[in-house]
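>>> here are the coordinates; sequence isn't available:
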C-alpha cells in the first residue's frame, strides 16, 4: 500500500497555510489526503484546496479532489471524518 501523507484540517486552520502545505506535499509525493471533521473544518479544507489549485496551475498541474467518509477515533470517541484525496488529473 502506498503511504499517503494526511493533513488534518480544523475549523481554525488558515486556508493559505494549509494550501502551501498541500502544494508542497503534492510536489514531493504526487498525492495528498486532507482530513476534516465538522462543517467548519471542511469549509477551511475546501478553501485550501482551491488556493492550492491556483498555486499549482501555472506549472500545468490540475488538482482534483476525491471525497470519502472515514471513521476515526478522537479522544476515544468514534467520529466520522471527510477524507479528501488530492491528486492530479
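Thanks, I have the structure now. Values in this document were obtained by computation on a predicted structure and should not be read as measured data.

>>> Helices along this protein, start to end?
Here the chain has its helices, by DSSP state H, at 15-29, 39-56.

>>> my read: residue 74 touches residue 37, true?
Yes: under the criterion of Cβ atoms under 8 Å, residue 74 makes contact with residue 37 at 7.0 Å. All C-beta atoms are positioned from the backbone trio N, CA, C, and that covers glycine.

>>> Counting neighbours, go ahead and name the busier of the two.
Legend: neighbour count by other Cβ atoms under 10 Å for residue 74 and residue 37, higher for residue 37 (18 against 9).

>>> For the more buried one, give its distance to residue 56.
26 Å (Cβ to Cβ, to the nearest Å).

>>> And residue 40, by the same measure?
25 Å.

>>> which one of the two has more residues nearby?
Shown here are residue 40 and residue 56; by other Cβ under 10 Å, residue 56 has more neighbours (17 against 14).

>>> thought that one was touching residue 63?
Yes: between residue 56 and residue 63 there is a contact under Cβ under 8 Å: 6.0 Å.

>>> got any residues that touch both of the two?
Jointly contacting residue 56 and residue 63 under the rule Cβ atoms under 8 Å, 6 or more residues apart in numbering are residue 26.

>>> Give me the contact list for stretch 52-61.
Taking Cβ under 8 Å, 6+ apart as the rule, stretch 52-61 contacts 18-20, 22-23, 26-27, 62-63, 86, 88.

>>> could you dump those to TSV with distance to residue 5?
Formatted as TSV, these follow (distance: Cβ to Cβ, whole Å):
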residue	distance to residue 5
18	13
19	15
20	14
22	10
23	12
26	9
27	12
62	20
63	15
86	10
88	15
